[in-house]
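Colleague: Provide a 3D model corresponding to the input given below.
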Amino acid sequence: MATKTTEKKASAPKKTTEKTAEKATATKAASGAKPNALQQPLKPSADLAAIVGDKPLPRGEVVSKVWEHIKKHNLQNPENKREIVADEKLKKIFGKDKCSMFEMNKHLAAHLKS
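Modeller: Down below sits the predicted model:
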């Protein structure tokens, strides 16, 4: 006797594609939704502008540009990479000679205005 087997088709879960994500983002932007705090352009103080430039930038870009400055001028403590040894420009922002990478955002926030 031959038995008849039935095959069930397993439906694959739908994956969000990049295009779908882009459309959702574009729809939010088109509907007038406010950007979140990290995307809000902020004006840097004169001291911070010496490093990142004087035009308004989102907080994430400011942090990236400060890290570029730190790496370009080799300002991380080689014995403790979490510590930043301030040069003259960073001393004006940090208010001290050394700062941990975790404190840095607190000091940067004091130099950014909406």
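
Colleague: Could you use CA atoms for every contact and neighbour count after this?
Modeller: Fine.

Colleague: Least confident secondary structure element in the protein?
Modeller: Across the helices and strands of the chain, mean pLDDT, DSSP states H and E gives its lowest value to helix 18-30, namely a mean of 51.

Colleague: which secondary structure elements does the following helix or strand past it contact?
Modeller: Using DSSP states H and E, the helix or strand that follows helix 18-30 in sequence is strand 41-44. Here strand 41-44 touches strand 57-58, strand 112-113, going by 3 or more C-alpha pairs under 8 Å, 6 or more residues apart in numbering; DSSP states H and E.

Colleague: Pull the residues that contact strand 41-44.
Modeller: 52-59, 111-114 (C-alpha atoms under 8 Å, 6 or more residues apart in numbering).

Colleague: Name every strand pairing with it and say which way it goes.
Modeller: strand 57-58 (antiparallel), strand 112-113 (antiparallel) (DSSP bridges).

Colleague: Not counting its own residues, what contacts the first one?
Modeller: Outside of strand 57-58, the residues that reach it under the criterion C-alpha under 8 Å, 6+ apart are 38-44.

Colleague: rewinding a little: lowest mean pLDDT across the strands paired with strand 41-44, which one is that?
Modeller: Mean pLDDT values for the strands paired with strand 41-44 show the minimum at strand 112-113, a mean of 88.

Colleague: which regions of the chain sit below the pLDDT cut-off?
Modeller: In the predicted model, the chain carries pLDDT under 70 at residues 1-35, 37-38.

Colleague: Repeat the analysis, applying 80 as the threshold.
Modeller: With pLDDT under 80 as the threshold, the chain has low-confidence stretches at 1-38.

Colleague: Having no further points to raise, I will conclude here.
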